[in-house]
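1. Would you be able to build a 3D model of this:
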Amino acid sequence: MAEVVIVESPAEAGALAADEIARLIIHRPDTVLGLATGSTPLPVYDALRDRLAGLDVSQVRGFALDEYVGIDPAHPESYRAVITREVVEPLGLDAARVQTPNGDLATIEHAGEDYERAIADAGGIDLQILGIGTSGHIGFNEPGSSFASRTRVKTLVEQTRRDNARFFASIDDVPMHCITQGLGTILEARHLVLLAFGAGKADAVARAVEGPVTSSLPGSAIQLHPHVTVIVDDAAASRLENGDYYRYAYANKPAWQGI
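-> Numbers count the residues shown, from 1 in each chain. Coordinates of the predicted model:
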């Protein structure tokens, strides 16, 4: 079962995740992080600015979950640009050690294999930050994705394109395709930290944590992982049947266990 931590605010959630990441880097300076984009992980990156101040982060590696296919890496909404703007520069990471999948159409046929090889060469991901979409997707693994899937090109469903249209001038500007780490790739990370905030995520969170494991809800794949932490605010936790238990378990766990 995933550990579910219910907090009062996204800022509190970000602080918890940032504490764990800082602990990892202190004990292992070449920590490999899996980086999510979008609004959900921003409180984590904000909190990390203080947590990493004074630490040597020159050896930290990072791998983004996904990228749009065919988008110019210089476009402000490419995930290369977003990761640079929201993670690499504020945290002082070495840009050469932080990668995103290559969405260049000229090399897209083998871009997934190339990314898988790069992750393996780095020793695998120590901690993977995740959000969850209203359709239950993690990364860009839409409903129907195989739990054994690897980094590959996917077609975005209309709901995801509508959700992401807020970052573009219109939905027509949102790319139709992406390259994303697969569910099988994500499940190989040593620790998964999934965050969700707001009532709009409540159904997806409840189904991912407490529902059946099914490809119709890709987020339910987290139930197959031995070390998962789900950090949600009260609104996102509102449909969890075992909310009282999760609160009790977290309030009484040994402090040394972290998350």
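
2. CA atoms for contacts and neighbours, from now on please.
-> Fine.

3. gap between the helix or strand where V82 lies and the chain center?
-> In this assignment (DSSP states H and E), V82 forms part of helix 79-83. Centroid separation for helix 79-83 versus its chain: 14 Å, with Cα atoms, centre = their mean, to the nearest Å.

4. What are the contacting residues of that helix?
-> With contacts defined as Cα atoms under 8 Å, 6 or more residues apart in numbering, helix 79-83 is touched by L35, T37, A64, D66, E67, Y68, P73, A74, H75, P76, Q99, T100.

5. Would you list the buried entries among these?
-> With burial judged by 16 or more other Cα atoms under 10 Å, the buried subset of the contacts of helix 79-83 is L35, T37, A64, D66, E67, Y68, P73, Q99, T100.

6. how about the residues you listed, which pair is most distant?
-> Taking Cα to Cα as the measure, the buried ones among the contacts of helix 79-83 span a maximum distance of 16.7 Å, between L35 and P73.

7. longest helix anywhere in this structure?
-> helix 10-27 (DSSP state H).

8. For the helix or strand following that one, list the C-alpha coordinates in CSV.
-> Next in sequence after helix 10-27, counting helices and strands by DSSP H and E, comes strand 32-35. In CSV, the C-alpha atoms belonging to strand 32-35 read as follows (Å, rounded to 0.1, in the frame of the first residue of the first chain):
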residue,chain,number,x,y,z
VAL,A,32,19.3,10.9,-9.8
LEU,A,33,16.0,12.7,-9.7
GLY,A,34,12.9,12.1,-11.9
LEU,A,35,11.4,15.5,-12.7
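
9. So which elements touch the next helix or strand after strand 32-35?
-> Counting by DSSP H and E, the element after strand 32-35 in chain order, helix or strand, is helix 42-51. Contacts defined by 3 or more Cα pairs under 8 Å, 6 or more residues apart in numbering; DSSP states H and E place helix 42-51 against helix 10-27, helix 89-91.

10. Including distance to E113, could those helices go into a markdown table?
-> What follows is the helices and strands packed on helix 42-51, written out as a markdown table (distance: least, Cα to Cα, whole Å):
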| stretch | distance to E113 |
| --- | --- |
| helix 10-27 | 27 |
| helix 89-91 | 28 |
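
11. Could you point out which of the ones you listed sits nearest W256?
-> Within the helices and strands packed on helix 42-51, the stretch nearest W256 is helix 10-27; the backing value is 11.4 Å (Cα to Cα).

12. Closest to V205 out of the contacts of helix 79-83?
-> T37 (18.1 Å).

13. pLDDT on stretch 153-166, on average?
-> Taken as a whole, stretch 153-166 has a mean pLDDT of 86.

14. Which helix or strand in this protein has the lowest average pLDDT?
-> The least trusted helix or strand in the chain, going by mean pLDDT, DSSP states H and E, turns out to be helix 158-164, with a mean of 84.

15. Which strand residues bridge the residue nearest the centre of the chain?
-> For the chain, L130 is the residue whose C-alpha lies nearest the centre (Cα atoms, centre = their mean; 2.3 Å). Counting by DSSP bridges, L130 is bridged to L194.

16. Show the residue spans covered by the helices in the stretch 101-250 of the chain.
-> Using DSSP state H, counting those that start in this stretch, the helices of the stretch 101-250 of the chain run over residues 108-121, 158-164, 183-186, 202-210, 243-251.

17. least reliable of those helices going by mean pLDDT?
-> Mean pLDDT is lowest for helix 158-164 out of these, coming in at a mean of 84.

18. Just give me how far that one sits from the chain centre.
-> 17 Å.

19. Just the buried positions in that helix, please.
-> T160, R161, N164.

20. Make a markdown table out of those and add distance to L55.
-> A markdown table is the format used below for those (distance: Cα to Cα, whole Å):
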| residue | distance to L55 |
| --- | --- |
| T160 | 37 |
| R161 | 38 |
| N164 | 34 |
